[in-house]
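Peer 1: next input, structure requested:
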Amino acid sequence: MMQKKAIEAANKAAKILKNVSSREVSESLYEIFEEIKKISNVFAELITFDCGKPIKESKDEVERSIQTTLLSAEESKKNLWGNNTFRRVY
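Peer 2: Residues are numbered from 1 along each chain as shown. Predicted structure coming up:
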């Protein structure tokens, strides 16, 4: 049942995002990147608390997430589809 809800949510988001420019996507991802960086220690502590990982491993995991978000922000600037809109890739 959860999978069906996730797919429905993804399809709903895709309809909204199809007219969002790659610049807008990039700017949003940069904002997310900055916010994650600001509270990275909180995320690391939550991961440690929830999963029982050593704090060092949790901090590394959060850092990978930060870098992935930054990379996504950079890559989303590229005009991959010949126009300036986000499109779903199958």
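Peer 1: so which bits of stretch 37-56 are buried?
Peer 2: By 16 or more other Cβ atoms under 10 Å, the buried positions in stretch 37-56 come out as 40, 43-44, 47-48. Backbone N, C-alpha and C define where each C-beta goes, glycine included.
Peer 1: which of those lies closest to Ala9?
Peer 2: Phe43 (22.5 Å; Cβ to Cβ).
Peer 1: is it true that the closest one touches Glu35?
Peer 2: No. When contacts are counted by Cβ atoms under 8 Å, Phe43 is not listed as touching Glu35 (10.5 Å).
Peer 1: now, which of the buried residues of stretch 37-56 sits nearest Leu71?
Peer 2: The shortest approach to Leu71 among the buried residues of stretch 37-56 belongs to Ser40, at 16.3 Å (Cβ to Cβ).
Peer 1: okay, now the residue nearest to the closest one when sequence neighbours are not counted: neighbour count?
Peer 2: Once flanking residues are discounted, Ser40 sits nearest to Val62: 4.8 Å by Cβ to Cβ, 6 or more residues apart in numbering. Using other Cβ atoms under 10 Å, Val62 is surrounded by 21 other residues.
Peer 1: contacting residues for Val62?
Peer 2: 36, 40, 43-44, 47 (Cβ atoms under 8 Å, 6 or more residues apart in numbering).
Peer 1: in JSON lines, list these along with secondary structure.
Peer 2: JSON lines is the format used below for those (DSSP: H, G, I helix; E, B strand; the rest coil):
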{"residue": "Ile36", "secondary structure": "helix"}
{"residue": "Ser40", "secondary structure": "helix"}
{"residue": "Phe43", "secondary structure": "helix"}
{"residue": "Ala44", "secondary structure": "helix"}
{"residue": "Ile47", "secondary structure": "helix"}
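Peer 1: turn the residues you listed into TSV, columns for pLDDT.
Peer 2: Listed next are these as TSV, based on pLDDT from 0 to 100:
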residue	pLDDT
Ile36	96
Ser40	97
Phe43	96
Ala44	97
Ile47	96
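Peer 1: most centrally placed residue in this protein?
Peer 2: Closest to where the C-alpha atoms of the chain average out (Cα atoms, centre = their mean) is Thr69, at 5.3 Å.
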